[in-house]
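> Pasted the sequence and its predicted model underneath.
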Amino acid sequence: MSLTWEPRIVGFACRWCTYAGADLAGTSRLEYPAAIRLIRVPCSGRVNPSFVLRAFQRGADGVLVAGCHPGDCHYTSGNLFTRRRYSLVKRFLEYLGMEPERFRVEWISAAEGHRFAQVVREMTADLRRLGPNRKMREET
Amino acid sequence: MPRIGVFVCWCGLNIAGTVDVERVAEAARAIPGVVHAETYKYFCSEPGQNLIKQAIQEKRLSGVVVAACSPSMHESTFREAARMAGLNPYLVQIANIREQCSWVHTDREEATVKASAIVAAMVAKVRRDEPLEPLKFPVHRKALVIGGGIAGMQAATDIAEAGCPVILVEQGPNLGGRMAQLSETFPTLDCASCILTPRTAEVARHPLIEVLAYSEVREVTGYVGDFTVKIARKPAYVDWDKCIGCMLCQEKCPRKIPSDFERGLGSRKAIGVNFPQAVPNRPVIDREHCTYFEKGKCGVCAKICPVGAVDFEQTETVREEKVGAIVVATGFDVLPREAFGEYGYGKYPDVIDSLAFERLNSSSGPTDGVIRRPSDGKIPREVVFIQCVGSRDPDKGKPYCSKICCMYTAKHAMLYRHKVPDGQAYIFYMDVRAGGKGYEEFVQRAVEADGALYLRGRVARVYPEDGRLLVKGVDTLSGQAVEIAADLVVLATAAVPREEARGLAQILKVGTDEHGFFSEAHPKLRPVETMTRGIFLAGSVQAPRDISESVAQASGAAAKVLALFSRDELAADPLVAAVDESRCSGCLACQPICPYHAIEPKALKDRQVASVNAGLCQGCGACAAACRSGAMKLKGFTDEQILAEVGTLCL
Amino acid sequence: MAYRYFPGCTLHEQARNFDVTARESARRLGLELAELDTWQCCGAVFPLATDAIINLVSPYRALAAADGAGADLVTLCSGCLNVLRRTNRLVATNREIQEKLKSFVEADYSGGRQVHHLLEILKRDVTFEGLAAKVSKGLAGLRVAPYYGCLLLRPPEDMCFDDPEAPTILEDFLRALGAEPVDFALKTECCGAYLALRDGGRSAAAAVVRSAAAGGADLVVTSCPSCSYNLEQAGTALPVVYFTQLLALALGLDGAFGGHAVDPRPVLRKKSLLPEVN
């Protein structure tokens, strides 16, 4: 670990809303920390909890799952499953001892570039305060 | 061993200004499986694309990663370039290092490291990509239109005029829908039947339109281009093929019953047609009110019929049709009369709804177009119109604006004044919403030329006193309580979806809003499409609409149908779900989660598994996330691919 | 089910005939209506100001007392029902107000009880069929205008009493007694309440009585002393009685018909429901 440790966030972004929102943050030239790396998925409902766990195992310091606002899902109901599924996963992670700030589920629309940047800023700041994820990281 | 090529775009200085593109290419070369990496100023340009094509061919690339702008910009450009160079287009992935890297970070070192990570993740993904071919479906160039009102007839005509056959299903015995009940239309005051009748005749005799009246859609299976539809013909107890439409049966039938078509103001016979110009001009027996069906005696119609067409034993028949597209145009209804006790609707005969007022105005209506109040047939000297009865009323009615009422109420006030020149129309309103060509001018005419008195406020109660109806309300502009002794009260009741529409939505697997109106795919950009490909909407089935809007939307739906029909085959994105049957446990947890009803059980020799109808699947991946055994695979976004991306991004 | 009876102040004063006939009838029907040990005026008006907690104290005490006795409350007066039921609902749904009332009254009641109207108990516990079977002197030929007024029905989301525009419980009750309910337009209209005390403010009550008379009613029944007062003072000859007075009469008990501003006895005698006096 270098002296200037910076957090690493893996984000799962639905292609219709949040991924497009992140693109809008780009076209609007909104600066935010480079900690986030996005994975484009068709719908937040595609995100299997095992992906989130794998990210933490592989050393991600934070994970973001983000999709369309409830009621706005391109596929009608995908994000409703996300909401239900991840309220359980979040409790499970906290049960394992993860700090709640390390895992966030957010609704970010294609028009909310500002919101995307803001979420990344908040998460990065939280993670800098918390330090690296040691709880679930697999030692290699 | 894969042979991946990585192409890092400068995008002028858009990327290269922040990201050290050469270092990104250098890092890519170190990834196992990457056999080629280069940078160029603008890969999206013609020479840039040629570089990619050249590398694909010369280096025999098995996968391509273009590190450039967002995939929403040029993914299709680069996929097409790959296809031209002989590489399956689905083996191209875009690393978004502009919108999500160079444009949002300023630190060159950080941005370069991040760009390299994004490239590495896409390399990991593309290694696990498989070549895919667009799904192809044959198209049955025949359309089903459900609903024979003005919207359905417009859609049917437009499609048929383009040379494609149409089946037009109408649940009632005749074409025309709501418009057939109207007297005159706004904002021109031309008579509804004068414009409707020619259109109805045109539909009925069109060689490419088959009208199935008194029929209902019972079952729809399949998908865009290839729907199988079961249509039930309800028993009319008259053989319409034998019938010559002489209507002797109607004339001689001894049983008079209140007519729904006349909103209860007039009567009809237990056998007959709704109105003389009905198309098809064929009678139906109302089984619930027919003396023969009640008592087993009578049969006057059967005796009088010169061609022996009356058939009391007739039963429902079901036929099956193959169609490529469906237009739903089932129209609207109005709130039932029980909803508003304070207005005495249903209790006092002289409180009627606006549709009944249309019938009073209609020259073919129960009063031959003379406005007479139902209780005693007197000509009303004072008429109170109440707008927003059930509309814009979240507590007791519907929260939405029914949209057509402001206009038709203004029309009613005008028609009334034209027929009763010394009569006075009062209109209680909340707001007058007259957006539309010529609409505001029309309302102004009602006020200025025809003396309609608009009172801004609600009515609290209507009750009879001294042979008239006392209307107690408030004029909020003057702050005064108002009492008007009226001869007739007309309620502009809220437009609601037809009762049958809910069942139809389930049959079609199309979503509805909380009120039961069918949901469009996108309120602005896809207003006539539904979320189910190949099913389109026209008219008030989607929301309350006036005639001109319904017709415009119907033509829009027809254009969408014709665009589908312009192709021999439909191509669909192959990024859909598929089942690995060897891993599927057949639990079908995926079935209820699928918003498109695309998953069905499939019987294997010794067990059942899930199977995906690729024609219905839209590729959301909800099933893949729900699958407990990892058997459900979303092509292009497989578990292996996403986990490989996760692994790479965490390094 | 045991109930605690909340008479309300008027029923111990002006409307004693309402109280007496209800108690006697209930006894005949086998209903236990034990009066709440201590109670005071319900406050008469449900406060609409959100911070008028003090006006809720009195109804809250009555509710807490019934709860302490392990019973639901029952009342006859429309006004008391309105105040008690709405207070009860507020206590059950508004945590902040509940806490304030608990600490002020020093009681621990959270809104778990219900407030009943005698008509509702007749409908649910006795049933109108059961009531009809117990009627010893059917009121055949008596045309009665059932006047609901506003307090029984509104606001409908709080009161849940009957359909606010087209209620039927009084009609069903009257039919069980053998009387003929008269439909009239203003049966759910306000009588004018306290505005009637202002000069010339009785037009609302007068319209109600006119509407009932136009329907051919012999008399009007109410469930509210305030309505009853206003309708009687409206200047027509139509008698106004409480629904329990007709109940008592039909059960063969004394209807306590004396003391009304418009005497109902002549019309009852005319219908042979009271003995002729010589």
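Looks like it arrived, so ask away. Residues are numbered from 1 along each chain as shown, chains lettered A, B, ... in the order given.
> all helices of the stretch 351-500 of chain B, in order?
B:354-361, B:405-419, B:439-448, B:499-508 (DSSP state H, counting those that start in this stretch).
> would TSV of the ones you listed with mean pLDDT and mean neighbour count be doable?
All C-beta spots, glycine's among them, are computed from the backbone N, C-alpha and C. Shown next, in TSV, are the helices of the stretch 351-500 of chain B (pLDDT from 0 to 100; neighbours: other Cβ atoms under 10 Å in any protein chain shown):
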stretch	mean pLDDT	mean neighbour count
helix B:354-361	96	24
helix B:405-419	97	24
helix B:439-448	97	17
helix B:499-508	91	16
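> what's the closest of those helices to B:Arg218?
Smallest distance to B:Arg218 across those (Cβ to Cβ): 7.0 Å, for helix B:499-508.
> quick one: secondary structure of B:Val561?
helix (DSSP: H, G, I helix; E, B strand; the rest coil).
> thinking again about what came up before, so which of the helices of the stretch 351-500 of chain B is nearest chain A?
helix B:499-508 (13.1 Å; Cβ to the nearest Cβ).
> Need the three-state assignment for the residue nearest in space to the middle of chain A.
The centre of chain A sits closest to A:Leu64, judged by Cα atoms, centre = their mean, with a distance of 0.8 Å. At A:Leu64 the chain is in strand, as set by three-state DSSP.
> Which residues are in contact with it?
If a contact means Cβ atoms under 8 Å, 6 or more residues apart in numbering or on different chains, then A:Leu64 has A:9-13, A:36, A:103-106, A:119-120, A:123 as its contacts.
> At which residues are the strands of the chain located?
Going with chain A. A:9-14, A:36-41, A:62-67, A:103-107 (DSSP state E).
> My question was about chain C, not that one.
Secondary structure of chain C (DSSP E): strands at C:3-6, C:33-35, C:72-75, C:115-117, C:143-146, C:180-181, C:219-222, C:240-242.
> Put together JSON lines for the ones you listed, with mean neighbour count, distance to B:Ala624 and mean pLDDT on each row.
Converted to JSON lines, these look like this (neighbours: other Cβ atoms under 10 Å in any protein chain shown; distance: least, Cβ to Cβ, whole Å; pLDDT from 0 to 100):
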{"stretch": "strand C:3-6", "mean neighbour count": "24", "distance to B:Ala624": "60", "mean pLDDT": "94"}
{"stretch": "strand C:33-35", "mean neighbour count": "15", "distance to B:Ala624": "65", "mean pLDDT": "91"}
{"stretch": "strand C:72-75", "mean neighbour count": "26", "distance to B:Ala624": "55", "mean pLDDT": "95"}
{"stretch": "strand C:115-117", "mean neighbour count": "23", "distance to B:Ala624": "55", "mean pLDDT": "96"}
{"stretch": "strand C:143-146", "mean neighbour count": "24", "distance to B:Ala624": "64", "mean pLDDT": "97"}
{"stretch": "strand C:180-181", "mean neighbour count": "20", "distance to B:Ala624": "65", "mean pLDDT": "97"}
{"stretch": "strand C:219-222", "mean neighbour count": "26", "distance to B:Ala624": "67", "mean pLDDT": "97"}
{"stretch": "strand C:240-242", "mean neighbour count": "26", "distance to B:Ala624": "70", "mean pLDDT": "97"}
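> could those go into JSON lines alongside distance to chain A?
What follows is these, written out as JSON lines (distance: least, Cβ to the nearest Cβ, whole Å):
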{"stretch": "strand C:3-6", "distance to chain A": "44"}
{"stretch": "strand C:33-35", "distance to chain A": "50"}
{"stretch": "strand C:72-75", "distance to chain A": "39"}
{"stretch": "strand C:115-117", "distance to chain A": "38"}
{"stretch": "strand C:143-146", "distance to chain A": "46"}
{"stretch": "strand C:180-181", "distance to chain A": "48"}
{"stretch": "strand C:219-222", "distance to chain A": "49"}
{"stretch": "strand C:240-242", "distance to chain A": "53"}
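> With chain B as the reference, name the closest of these.
strand C:143-146 (13.7 Å).
> Neighbouring strands of the closest one in the sheet, and parallel or not?
strand C:180-181 (parallel), strand C:219-222 (parallel) (DSSP bridges).
> can you tell me which residues contact residue 16?
Defaulting to chain A. Going by Cβ under 8 Å, 6+ apart, A:Trp16 touches A:Pro42, A:Cys43, A:Cys68, A:His74, A:Ala110.
> ah, no, chain B please
Counted by Cβ under 8 Å, 6+ apart, B:Ala16 has contacts B:Trp10, B:Thr39.
> rewinding a little: report the separation between the residue nearest to the centre of chain A and B:Gly163.
Separation of A:Leu64 from B:Gly163 (Cβ to Cβ, to the nearest Å) stands at 53 Å.
> quick one on the thing from earlier: check the contacts of A:Leu64 against chain C, which are close?
Among the contacts of A:Leu64, no residue is within reach of chain C (Cβ under 8 Å from any Cβ of the partner chain).
> Emit the ChimeraX select command for whichever of those residues are buried.
One line in ChimeraX is enough to select the buried members of those, burial here meaning 16 or more other Cβ atoms under 10 Å in any protein chain shown:
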select /A:9,10,11,12,13,36,103,104,105,106,119,120,123
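> Among the contacts of A:Leu64, which one lies nearest to B:Thr39?
Minimum distance to B:Thr39 across the contacts of A:Leu64 is 24.4 Å, recorded for A:Ile36 (Cβ to Cβ).
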